[in-house]
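S.K.: Fold the following for me, if possible:
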Amino acid sequence: WISAFDVVEFDLEGKKLSKQEAIILLLNKIIFIRTAEDFKLVDFNYLKDEYARRKRQYQHSNREKFFDVFFSDIEDFFYEHYNTDLFAEPFWQYIRKTPENILTFENVFELVVGLRDRWDDVFGTGLLHYNYRQINEDIFGKAYETFIAESRKDSGIYYTPRPLTEYIARNIVRAVCEPLAERIESALDKDALNLDEAESLLQEFYSIRFADIASGSGSFLVKVLRELFGYYSRFRSTLAWTNSFPQEDLFSLPKFVVDAIKFKHKHFPHDVTIALRLAIRHIHAADLDERALETAKTNLWKEIIKLAPEAYQFYRIKESHILPNLSLNFATGDALLDTQPHNTALLEHLATHGTHALQTLHSIRSAYLDNPFKIELLQYVEEHKQVLRTLAYAFLSEYDEHFAELIQSRKPLITAIEFFYCFFTPDATPLPVEHRGFHGLLSNPPWEVIKPIAKEFAGIGKFAMEKKDFDAHFRAMLKEDKAFAHECK
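M.R.: Sure thing, here's the model as predicted:
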């Protein structure tokens, strides 16, 4: 799909994305829309029909206007109703606007999507003709991470098979959550109802945080989301006994029933709000590659609508922006260069000199959790984080002469800033050491390297050298480098 666009010229001057990133942005948009179609959130064939409608209207008079209107229509619709920043970035701006190039783009776009003619329908070619109910995040994750590994010649990118990601995610979430979840269910039981205790325990549960700081396409985090949604559903089911009472006439009900109904509406109003707050509270990701993070976001958004598709059907939507904005929870940076997130001296420096920024960021996050449909609250997040990064860079450069050079070419992930609420209280005081960070960190296990792979062992990227060339190189290393030969033994 990506290589098909090689013949298309992109206008990248002054733009924030590379050609590859712009293509991946387009593909992610199409995949999300098709997933929405197959789960009946929007009309079936929404994308195909919109394309045909606008093509009839504009193609013969103005091809450029046709694509401009087509992309604006679908991006505005999905951004307004589903709030994914996937649709906040207009795609058409990246295409060079010459008649020849627009025609080339049209041919490639119709080939990739499957819009050329009825034979695409007959033979099922193109993105339109996959069954997105059957395609999970692991299929896209495998394809995406393989592509990135090949394009970057990077030995550090691995796809973890689904059975492993499911096993790891299930066990880490249950190890962290299950003891507390059982106490919450007991406090909500009708025969032993204790709403004060349940409130306290739920606030503790809401503070649980999971992270994958080398997330790739988000396969681990999708499984964590799924497990956590199960816990929220359990808590709501524990209060199902309140459904037998008339909800419209609370004055005639016993006080304990009224309190339980209000408690349920406060914490578990409906699937949309639950999913919004769940993702914001619990799911965190970082990756060196911004393309990977964008794909991880897309996979999470797709999973959310799969968990409760009826709640996300277009005609049922009562609010705008009903999918979570993940800008507070996702960060780009190199986790291997994290600057000691538990470094108390750094935290105290940030608390002293970045007090206003930290307190403002906390206020923004709290306000967004209270009203997750109001995405304009998040518009100044990056500005305040940059204030803290500047303070941290200056502080760390004083202690490490290499750090100033490092940040010129690399972007360290300063966890204490990107995920500030995991390290500071709302008044900008550093949290006690035992309360800092995450409750669960997910990571790719060494499943490929139980027996070391020769290329990786020799420091050669998986795709950096052909096998026949590498074999000769490896034999030469064994002969010429005694230390390396000894390690191999």
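S.K.: Excluding residues flanking it in the chain, which one is nearest residue 71?
M.R.: Once flanking residues are discounted, residue 71 sits nearest to residue 92: 4.4 Å by Cβ to Cβ, 6 or more residues apart in numbering. All C-beta spots, glycine's among them, are computed from the backbone N, C-alpha and C.
S.K.: my bad, should have said residue 168
M.R.: Leaving out its chain neighbours, the residue that sits closest to residue 168 by Cβ to Cβ, 6+ apart is residue 442, at 6.3 Å.
S.K.: What's the separation between that neighbour and residue 322?
M.R.: 26 Å (Cβ to Cβ, to the nearest Å).
S.K.: Geometric centre of the protein: which residue is closest?
M.R.: Nearest to the centroid of the C-alpha atoms of the chain, with distances taken as Cα atoms, centre = their mean, sits residue 297, at 2.7 Å.
S.K.: name the element that one belongs to?
M.R.: In this structure, residue 297 sits in helix 290-307 according to DSSP states H and E.
S.K.: What is the neighbour count of the residue lying closest to residue 393 once chain neighbours are set aside?
M.R.: Take residue 393 and drop its neighbours on the chain: the residue closest to it by Cβ to Cβ, 6+ apart is residue 407, 5.7 Å away. Counted with other Cβ atoms under 10 Å, the neighbours of residue 407 add up to 16.
S.K.: swap in the one 5 residues further on?
M.R.: The local packing count at residue 412 equals 19, with neighbours defined by other Cβ under 10 Å.
S.K.: list the contacts for it?
M.R.: Residues in contact with residue 412, defined by Cβ atoms under 8 Å, 6 or more residues apart in numbering, are 333-334, 337-339, 406.
S.K.: give me the number of residues near residue 432?
M.R.: Neighbourhood size, residue 432 [other Cβ under 10 Å]: 8.
S.K.: any idea how far residue 417 is from it?
M.R.: According to Cβ to Cβ, residue 432 stands 19 Å off from residue 417.
S.K.: cool, and residue 400?
M.R.: According to Cβ to Cβ, residue 400 and residue 417 sit 17 Å apart.
S.K.: and those two? which has more neighbours close in?
M.R.: More neighbours surround residue 417 than the other of residue 400 and residue 417, with 27 against 11 (other Cβ under 10 Å).
S.K.: Apart from its neighbours in sequence, what residue is nearest that one?
M.R.: Once flanking residues are discounted, residue 417 sits nearest to residue 388: 4.6 Å by Cβ to Cβ, 6+ apart.
S.K.: C-terminal to whatever helix or strand the one you found lives in, which secondary structure element comes first?
M.R.: Here residue 388, judged by DSSP H and E, is contained in helix 381-399. Next helix or strand after helix 381-399 toward the C-terminus (DSSP H and E): helix 403-409.
S.K.: ok, residues contacting that next one?
M.R.: Contact with helix 403-409 is made by 337, 339, 393, 396-397, 412, as judged by Cβ under 8 Å, 6+ apart.
S.K.: and which of the contacts of residue 412 is nearest residue 361?
M.R.: residue 333 (16.8 Å; Cβ to Cβ).
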